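[1] What follows is a predicted structure for the sequence shown.
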Amino acid sequence: MTRAIDLNSDLGEGYGAWKMGDDAAMLGIVSSANVACGFHAGDPLTILATLREAAARGVAIGAHVSYPDRVGFGRRPMDVTSAELTADVIYQIGALQGLCAAAGTRVTYVKPHGALYNTIAGDARQAAAVIEGIQAIDPTLVLMGLAGAPILAQAREAGLSTVAEAFADRAYTPAGTLVSRREAGAVLHDPELIAARMLRLATEGVIEAVDGSTLHLQADSICVHGDSPGAVAISARIREVLVAGGVAIRPFAQVAA
């Protein structure tokens, strides 16, 4: 049986005159798109254009929900109440569902963004609020989270389907968490190094941590940040190396509307 893995990227993050990444190019490479919902980035026109291009290319759509933090690009932790967070998640998914309907596609999964993603990986209270929001609007949506993080088991126990992801362009601590962006070496840039790491992950289930130790990770999806410098080149090289290594690229979720 041919091995397969999903390749995803955070897209739709431009805002008016401010462009972020090359969505059209990335959509020719990835199999799933985590699309901004307006809380950390993305205006309606930008989001709709990204969704239409994704639909044309058969790319699966995920709601990239965030804390309400455009100035900080959703990368600043927030101590919000559970009720607020649940409502914010429902609001963002609903907005993206409406735009997806207009674009001829649909939301199939949810991937929290930035600080929210990192917080709920281990914060059971905020994780429960996000899970409640997903269940309230569409319990068939899949929750994407960090491979090995408690949030995945918590979501499954609550009745949601989950998918575990690894990050191509980020360094890992020996504990399996992402190295903070505030630290040197947190973001990787060499396409050849990154592609080799992802081939090993996809075929052996292991990745090297920042201290040289080996981490065992079960991941069904690989993320490349669309706003990273060289994101297109990195994603293209990952795809080339994976396919050459006998790993097929395909979405974990059904695409059809």
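    Cool, the structure landed.
[2] for residue 213, what are its contacts?
    With contact set as C-beta atoms under 8 Å, 6 or more residues apart in numbering, residue 213 has these partners: residue 174. All C-beta atoms are positioned from the backbone trio N, CA, C, and that covers glycine.
[3] what's the answer for residue 85, then?
    Applying C-beta under 8 Å, 6+ apart, the residues contacting residue 85 are 126, 129, 130, 133.
[4] which element is it on?
    helix 82-103 (DSSP states H and E).
[5] can you give me the mean pLDDT across that helix?
    Averaging pLDDT along helix 82-103 gives 98.
[6] Quickly run through the sheet partners of the next helix or strand after it, with directions.
    Sequence order places strand 107-110 as the next helix or strand after helix 82-103, per DSSP H and E. Strand 107-110 has the following strand partners under DSSP bridges: strand 60-64 (parallel), strand 142-146 (parallel).
[7] What segments of this protein are helices?
    Along the chain, the stretches classed as helices by DSSP state H are 23-27, 44-57, 82-103, 114-120, 124-137, 150-157, 191-204, 231-244.
[8] Just give the closest residue to residue 35, not the sequence neighbours.
    residue 12 (4.1 Å; C-beta to C-beta, 6 or more residues apart in numbering).
[9] In contact with residue 72, which residues?
    Per C-beta under 8 Å, 6+ apart, neighbours of residue 72: 40, 115.
[10] do the one 3 residues further on as well
    In this structure, residue 75 makes contact with 40, 69, 114, 115, 181, judged by C-beta under 8 Å, 6+ apart.
[11] Output these as JSON lines; include the columns pLDDT.
    Converted to JSON lines, the contacts of residue 75 look like this (pLDDT from 0 to 100):
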{"residue": "40", "pLDDT": "97"}
{"residue": "69", "pLDDT": "97"}
{"residue": "114", "pLDDT": "94"}
{"residue": "115", "pLDDT": "96"}
{"residue": "181", "pLDDT": "86"}
